[in-house]
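**Q** Sequence first, then the predicted structure, then my questions.
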Amino acid sequence: MSEPWLSADDIAAHLGVTKETVYAWIADTGMPAHKVGRLWKFQVSEVDEWVRSGGASSAAD
């Protein structure tokens with residue numbers, strides 16, 4: 001079975017940050033996200049790998 005797509009609210013809750021932080025990470029650090037119409041969608045496996053590779057820590061710079 002394929003991995004479900006999550007909303008910005010869902011991925012923010014998964015990471016323990018605000019939705020505004022998620023949007024900032026998309027714009028500033030290349031957080032893996034896919035635009036579907038007007039909405040951003042995320043796959044947990046991609047986001048978790050991005051966090052593990054240091055993507056979220058570069059946002060603090």
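**A** Structure's in. What do you need? Residues are numbered from 1 along each chain as shown.
**Q** which stretches of the chain have low pLDDT?
**A** Residues of the chain that meet the criterion pLDDT under 70 lie in 58-61.
**Q** Can you show me the strands along it?
**A** Secondary structure of the chain (DSSP state E): strands located at 34-36, 39-41.
**Q** Residue 12 is nearest to which of the ones you listed?
**A** Set against residue 12 and scored by Cβ to Cβ, those come closest in strand 39-41, at 10.7 Å. All C-beta spots, glycine's among them, are computed from the backbone N, C-alpha and C.
**Q** ok, back up a step: can you redo the strands of the chain as CSV with mean neighbour count and distance to residue 50?
**A** Written out in CSV, the entries for these read as follows (neighbours: other Cβ atoms under 10 Å; distance: least, Cβ to Cβ, whole Å):
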stretch, mean neighbour count, distance to residue 50
strand 34-36, 10, 13
strand 39-41, 15, 14
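**Q** could those go into TSV alongside distance to residue 55?
**A** Supplementary listing: the strands of the chain in TSV, determined by distance: least, Cβ to Cβ, whole Å:
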stretch	distance to residue 55
strand 34-36	16
strand 39-41	15
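**Q** right, so of those strands, which gets closest to residue 27?
**A** For the strands of the chain, the distance to residue 27 is smallest for strand 39-41, at 10.7 Å, taking Cβ to Cβ.
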